[in-house]
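A.B. asks: Next comes the sequence, and after it the predicted model I'd like to discuss.
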Amino acid sequence: MSLVGIHTDGENAIGLDDAPPGLWNLQAASSHDRLVAVANPLDALSLFGAGFDNTICPGTPARFSECADSVAAVPGTMARELVFLCGPDDTAHAPDSAEPIRSRAVLFDPVRTPSVVLREEGTAALAALVAERLASAETAADREDGAVNEANPQSGPVLISGAVRYTVPGLQKTSRKLRATVRVECSGRLHIDTLDLYNARMRRTLSQDICRVFELPAGRVVADIAKLITACEEHNSDSPDSASPADSPPSITAEERAGAESFGRSEDLFDCVLADYATCGLVGERPNKLLSYIAAVSRMMPEPLSVLILSSSGAGKTALQDATLRLCPPEDVVKLTTLSGKALFYKDGCSLQHKILAVEEGIGAEDASYAIRNLISAGELTTETTVRDMATGRLTTMENRVAGPTAVFVTTTDPDVDPETRSRFIVTSIDESPQQTRAILAHQRERYAKGAPDEAAVEAVLNRHHVFQRLLRPLKVTNPYASLLSYADDRLQGRRDQPKYLRLINAVAFVRQMAKPVTDRNGVESIAVDLTDIEVANGLVREILGRGLDELSRPARDLLALLDGLVRKRIDSLRAETAENTPCRTAVPFTRRDVREFSGWAHARVHRYIRELVDLEYVLAVNGRNGVRHRYFLAGGLSEGPAPRFVPNLRDPADIAAEFERLQRGELRV
């Protein structure tokens, strides 16, 4: 394409002896939906060199009026908009109309022309100034078409960088995410992606895709995305979808707030919690319900508690976990059925922060045990991987950081959980006693006798707990009695269990924060542990952590008691037949079939836990030859009757109170 008769007219102006026969670069209409028109050919070349290959030039301002008709006449034209970048004297020649193509005039600069800006400040400055002027044209168009914006409130910001147009048709903003659908257009090519703009890995992928599709330099694309993030953050949207329900809690009414605060100030708060569990259909399990609820709320604390529920299949461990999760606000729950080994490392940066990560069955997260225990211990996950930069072709590294802290809930039937993983959790078990089974069966019959449960009552309970937990503040918890506490020191396990005990006390106090005075020291608000918190925690520790000191799982301990009963019954039967040569407890054999018939346990359950008893030498196995069944005997040295209670040597709150008073009076030193 040639330009004829160009000559200089003064220092900065360019003129033509004869107007060119047509529009320069008119073919751009076949690949761009917006065209930029300038009257001066040197200005057009300057814009083209700055990346605006959608620039056309009529040669003189007087020919601006022909542009719209010529563009509309191009076969297969994509152009829908024509923007005239004018000097102060050219605006009169630029049409402002909607026919045949939407056209408007925009003042480029009161003094300088594009070619002058290019010569004095360079290509980058010219590109930035043109993008700013085109953005102002976009804003003006939006003001004129207010009805269109009202009809489409979900529309997001628009960014124009050279010939590249970034449009955000969908935008969801929360304090933790900036999820956007980004539409990129340039030279007839199109790329669309949906991503979280606050996620570094997703931004990197978007940059690489744009560089590859549009053949643009990486530095320019990175700068464009940074501008787009700022525009999205500043964009105001009244769309109901502007925040995801999973990340943004609903508004709280005055009535809901008053009810939740009254609930939080109750002297019998934990009794109310237990009653609400019952309303939701969970029977019994008092210590497990309290522990689970307190651990779930502790997700908001710097050092949350994590719970591993180990029980037989069908005992109700999933029911306990599900009931607890239902009482928590849904935006704070991440529930998974299965989990691959690296999945947690590539979560969004804040997707697990102060959340509950619940895995339905431990077997579905075996490969992720390393990630889970590091998330619990370190409070964050960090990974760095090697990726290829699509713009340069070179290998580079990409870091992803997943922030905690996170409360983790896992259920399992496997007593052989990895010790390193198990030590990070408070391990508890479901009550599998006949008394609990009778209570559950009675509840089931009562439920069917009454018909469907009262959904309105259940929904009211759930809503009260959701509001209550949303109102809890991230207050610091101090324990003035910590130096007077004690814990069993005869086992190495106490080194890991005592911190769980101390965190449990703080978590109880945190749940009861609405009933406590708040102190402000140097701008840090805090609450203090009281003796009631210690009493509640002691009860849970004696019942749950004390059992955790037992090397046997709770089902295995129950099975050992059943085996003792089976052996004693056989001895009594033999003694009734003959008073001579009555065998001792360790000499009475039994088979797995005998155990199933005596206990009523399923084969898989007997097989799993009798193997645990054999491994830990509570039961001795005699292997049979071909055609001969395995026989088992109780090992020697076992005490008769129920298993001894493991006590973690906790101090009574009354004794702590007395010593604390002496400490305050200076009569005692710790």
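C.D. replies: Noted; the coordinates are in hand. No experiment lies behind these values; they were computed from the predicted model shown. Numbering: from 1, shown residues only.
A.B. asks: How far does stretch 47-64 stretch from one end to the other?
C.D. replies: 17 Å (CA to CA, to the nearest Å).
A.B. asks: what comes up buried for it?
C.D. replies: For stretch 47-64, burial by neighbour count (16 or more other CB atoms under 10 Å) applies to 47-48, 50-61, 63-64. Using the backbone N, CA and C atoms, a C-beta is placed for each residue, glycine as well.
A.B. asks: Give me the residue ranges of the stretch 201-350 of the chain where confidence is low.
C.D. replies: Counting by pLDDT under 70, the ranges of the stretch 201-350 of the chain that qualify are 236-249.
A.B. asks: can you pull out the helices in it?
C.D. replies: 218-234, 254-264, 269-279, 286-297, 317-326 (DSSP state H, counting those that start in this stretch).
A.B. asks: Then the stretch 351-500 of the chain?
C.D. replies: So, for the stretch 351-500 of the chain - with DSSP H, counting those that start in this stretch - the helices run 369-378, 419-422, 434-450, 455-471, 494-511.
A.B. asks: I'd like to know which of the ones you listed is closest to V333.
C.D. replies: helix 455-471 (10.7 Å; CB to CB).
A.B. asks: Which neighbouring elements make contact with that closest one?
C.D. replies: helix 254-264, helix 269-279 (3 or more CB pairs under 8 Å, 6 or more residues apart in numbering; DSSP states H and E).
A.B. asks: Take the buried residues of stretch 47-64 and keep only those in helices.
C.D. replies: Judged by DSSP state H, helices contain the following of these: 47-48, 64.
A.B. asks: Give me the three-state assignment for H191.
C.D. replies: Under DSSP: H, G, I helix; E, B strand; the rest coil, the three-state class of H191 is strand.
A.B. asks: Redo the helices and strands packed on helix 455-471 as a markdown table? Include mean neighbour count and distance to V334.
C.D. replies: Formatted as a markdown table, the helices and strands packed on helix 455-471 follow (neighbours: other CB atoms under 10 Å; distance: least, CB to CB, whole Å):
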| stretch | mean neighbour count | distance to V334 |
| --- | --- | --- |
| helix 254-264 | 15 | 23 |
| helix 269-279 | 17 | 22 |
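A.B. asks: want to try a markdown table for those helices, with distance to T91 as columns?
C.D. replies: Shown next, in a markdown table, are the helices and strands packed on helix 455-471 (distance: least, CB to CB, whole Å):
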| stretch | distance to T91 |
| --- | --- |
| helix 254-264 | 56 |
| helix 269-279 | 70 |
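A.B. asks: between these, which gets nearest to K476?
C.D. replies: Per CB to CB, nearest to K476 of the helices and strands packed on helix 455-471: helix 254-264, 17.9 Å.
A.B. asks: Output the closest one as CSV - backbone C-alpha positions only.
C.D. replies: C-alpha atoms of helix 254-264 as CSV (Å, rounded to 0.1, in the frame of the first residue of the first chain):
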residue,chain,number,x,y,z
ALA,A,254,-31.5,-8.3,63.7
GLU,A,255,-33.8,-11.1,64.9
GLU,A,256,-31.2,-13.8,63.9
ARG,A,257,-28.4,-11.9,65.5
ALA,A,258,-30.3,-11.5,68.8
GLY,A,259,-31.2,-15.2,68.9
ALA,A,260,-27.6,-16.3,68.2
GLU,A,261,-26.1,-13.9,70.8
SER,A,262,-28.6,-15.2,73.4
PHE,A,263,-27.6,-18.7,72.5
GLY,A,264,-23.9,-17.9,72.8
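A.B. asks: Can you say which of the helices of the stretch 201-350 of the chain is nearest to A131?
C.D. replies: So among the helices of the stretch 201-350 of the chain, helix 218-234 is nearest, using CB to CB, at 8.7 Å.
A.B. asks: before we move on, back to that, what is the nearest of the ones in helices among the buried residues of stretch 47-64 to T396?
C.D. replies: F48 (32.5 Å).
A.B. asks: right, and that closest one touches N25 too?
C.D. replies: Yes: counting by CB atoms under 8 Å, F48 sits close enough to N25 to count as a contact (7.3 Å).
A.B. asks: overlap in contacts of these two?
C.D. replies: Counting by CB atoms under 8 Å, 6 or more residues apart in numbering, the residues touching both F48 and N25 are T55.
A.B. asks: mind listing what the one residue sitting closest to the centre of the chain touches?
C.D. replies: Computing the C-alpha centroid of the chain and ranking residues by CA atoms, centre = their mean puts S351 first, at 2.5 Å. S351 is in contact with 176, 334, 402, counting by CB under 8 Å, 6+ apart.
A.B. asks: Other residues contacting the helix or strand hosting V606?
C.D. replies: Secondary structure from DSSP states H and E places V606 in helix 603-615. Applying CB under 8 Å, 6+ apart, the external contacts of helix 603-615 come out as 312-313, 413, 415-416, 552-553, 555-556, 559-560, 563, 592, 595-596, 599, 619-621, 632.
A.B. asks: Can you say which of these are buried?
C.D. replies: Buried by 16+ other CB under 10 Å: 312, 413, 415, 552-553, 555-556, 559-560, 563, 592, 595, 599, 619, 632, out of the contacts of helix 603-615.
A.B. asks: G341: which of these is nearest?
C.D. replies: T413 (21.2 Å).
A.B. asks: any idea how far T411 lies from L274?
C.D. replies: Note on T411: its distance to L274, by CB to CB, to the nearest Å, is 20 Å.
A.B. asks: Out of the helices and strands packed on helix 455-471, which gets nearest to Y481?
C.D. replies: Nearest of the helices and strands packed on helix 455-471 (CB to CB): helix 269-279, 19.4 Å.
A.B. asks: Can you name every helix or strand that the closest one contacts?
C.D. replies: Secondary-structure packing of helix 269-279 (3+ CB pairs under 8 Å, 6+ apart): helix 286-297, helix 455-471.
A.B. asks: wait, which of those is closest to N40?
C.D. replies: Comparing the helices and strands packed on helix 269-279 by CB to CB, helix 455-471 comes nearest, at 61.4 Å.
A.B. asks: Looking at that closest one now, give me its mean pLDDT.
C.D. replies: The predicted model assigns helix 455-471 a mean pLDDT of 92.
A.B. asks: buried residues in it?
C.D. replies: For helix 455-471, by 16+ other CB under 10 Å, it's 461-462, 464-471.
A.B. asks: got a list of contacts for that helix?
C.D. replies: 249, 252, 256-257, 259-261, 263-264, 276, 279-280, 297, 300, 326-330, 332, 514.
A.B. asks: For I225, state which of the ones in helices among the buried residues of stretch 47-64 is nearest.
C.D. replies: For these, the residue nearest I225 by CB to CB is L47; the value is 22.8 Å.
A.B. asks: quick one: the closest one and V117 touch, right?
C.D. replies: No: the criterion here is CB under 8 Å, and L47 misses it with V117 at 10.1 Å.
A.B. asks: Now the common contact residues for those two.
C.D. replies: Jointly contacting L47 and V117 under the rule CB under 8 Å, 6+ apart are L126.
A.B. asks: For the helices of the stretch 201-350 of the chain, give me a markdown table that also has distance to F660.
C.D. replies: Shown next, in a markdown table, are the helices of the stretch 201-350 of the chain (distance: least, CB to CB, whole Å):
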| stretch | distance to F660 |
| --- | --- |
| helix 218-234 | 51 |
| helix 254-264 | 26 |
| helix 269-279 | 23 |
| helix 286-297 | 23 |
| helix 317-326 | 33 |
